[in-house]
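S.K.: Got a predicted structure plus its sequence, pasted below:
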Amino acid sequence: MGDAGAHFAHLFSGHAATYAAYRPRYPDALYDWLLAHAPQRAQAWDVGTGNGQVALALAARCERVLATDPSAEQLAAAPAHPRVTYREATYDSGLPEASVGLVTVGQALHWFDLPAFFAEVRRVMVPGGLFAAFAYVHSSVDAALDRVTRQYHDVTCDAYWAPEHHLIRSEYRTLDLPIVELPAPRMFVEATMTLAQYAGFFRSWSATQRLLRAEGEAPVLAFERELAAAWGDDVPRLVRWPLIVRAGRLA
């Protein structure tokens, strides 16, 4: 990834355990849809794998999965699996030419050097192979909680988002991807979370970590008090994130 890869790794390395503990899981419906359109299941490549969430889900459906990430700390938090090979790497997969039926990028495409990345995708992808990038931005519980969390995202954290964050805010639609796009069904990431888990999710944000380094705990604790007041009784609540998906075959 060059400078972009170093920046990406730096943003998430310092709080890999928090990221692994509090990030929600993508729905089975996403993986079922991807594998229904992939030409083969022998080899998948998950790029920017982080804590291995996507790679592990693919391993339940594919014979082999390569999971790469520039952050050694993130990879250290990824569970081992006999069909998953983890590798600290940017875009150099080390895979043979024309060997991959599915390339996935979960919550990471906005950090990528796209020309360098897609050059490697073209090298390793089998004819008719599927590329898919997916992500989420704003969570939703109810109107009161959503007002608190959007204020935190848009105002409290505004100065601490990396410049690339605008790409995910625009649902990747401003990215010119070299694919013939497949229309994805509407899907949601869903998780039943306690108040502590939901607060932990916001602490897993790169912007929160930068805010903590710059201003200390006070603004984050103030947000968490507002979150608790809007949450009410400390019972688990359903949290939903609309899923952003851009997928297709190489053009």
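M.R.: Sure, I can see it.
S.K.: so where is the stretch 1-150 of the chain shaky, pLDDT-wise?
M.R.: Under the criterion of pLDDT under 70, the regions of the stretch 1-150 of the chain flagged as low confidence span 1-20.
S.K.: Which stretches in it count as helices?
M.R.: With DSSP state H, counting those that start in this stretch as the criterion, the stretch 1-150 of the chain has helices at 2-13, 16-22, 28-37, 53-59, 72-76, 114-124, 143-151.
S.K.: Put together CSV for these, with distance to residue 239 and mean neighbour count on each row.
M.R.: From N, CA and C alone the C-beta is placed, and that goes for glycine too. As requested, these are arranged in CSV below (distance: least, C-beta to C-beta, whole Å; neighbours: other C-beta atoms under 10 Å):
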stretch, distance to residue 239, mean neighbour count
helix 2-13, 21, 17
helix 16-22, 11, 19
helix 28-37, 17, 16
helix 53-59, 16, 24
helix 72-76, 23, 18
helix 114-124, 30, 16
helix 143-151, 9, 15
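S.K.: and the ones you listed as a markdown table, adding distance to residue 228?
M.R.: Written out in a markdown table, the entries for the helices of the stretch 1-150 of the chain read as follows (distance: least, C-beta to C-beta, whole Å):
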| stretch | distance to residue 228 |
| --- | --- |
| helix 2-13 | 26 |
| helix 16-22 | 16 |
| helix 28-37 | 31 |
| helix 53-59 | 27 |
| helix 72-76 | 29 |
| helix 114-124 | 40 |
| helix 143-151 | 10 |
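S.K.: Tell me which of those helices approaches residue 206 most closely.
M.R.: For residue 206, the closest of these is helix 2-13, at 4.3 Å, according to C-beta to C-beta.
S.K.: mind listing what residue 172 touches?
M.R.: Taking C-beta atoms under 8 Å, 6 or more residues apart in numbering as the definition of contact, the neighbours of residue 172 are 109-110, 133, 135, 244, 246.
S.K.: And the buried ones among those residues, selectable in PyMOL?
M.R.: Applied in PyMOL, the following selects the buried portion of the contacts of residue 172 according to 16 or more other C-beta atoms under 10 Å:
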select buried, resi 109+110+133+135+244+246
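S.K.: orientation of the strand ranked longest in the chain relative to helix 28-37 in degrees?
M.R.: Looking only at the chain and at elements set by DSSP state E, the strand with the highest residue count is strand 125-135. Taking axes from the mean of the first three to the mean of the last three C-alpha atoms, to 10 degrees, strand 125-135 and helix 28-37 form an angle of 160 degrees between their directions.
S.K.: Strand 125-135: partners in the sheet, and parallel or antiparallel?
M.R.: In its sheet, strand 125-135 lies beside strand 100-106 (parallel), strand 244-250 (antiparallel), with partners assigned from DSSP bridges.
S.K.: from the chain's centre, how far out does the first one sit?
M.R.: Think strand 100-106. In this view, strand 100-106 has its centroid 13 Å away from the chain centroid, taken as C-alpha atoms, centre = their mean, to the nearest Å.
S.K.: show me the residues around the residue sitting nearest the centre point of the chain that make contact.
M.R.: Centrality entry for the chain: nearest residue to the mean C-alpha point is residue 107, 2.1 Å, by C-alpha atoms, centre = their mean. Shown in contact with residue 107 (C-beta under 8 Å, 6+ apart): 23, 48, 50, 134-136, 168.
S.K.: do that again at 6 Å, thanks
M.R.: Shown in contact with residue 107 (C-beta atoms under 6 Å, 6 or more residues apart in numbering): residue 135.
S.K.: Check residue 248 too.
M.R.: Shown in contact with residue 248 (C-beta under 6 Å, 6+ apart): 179-182.
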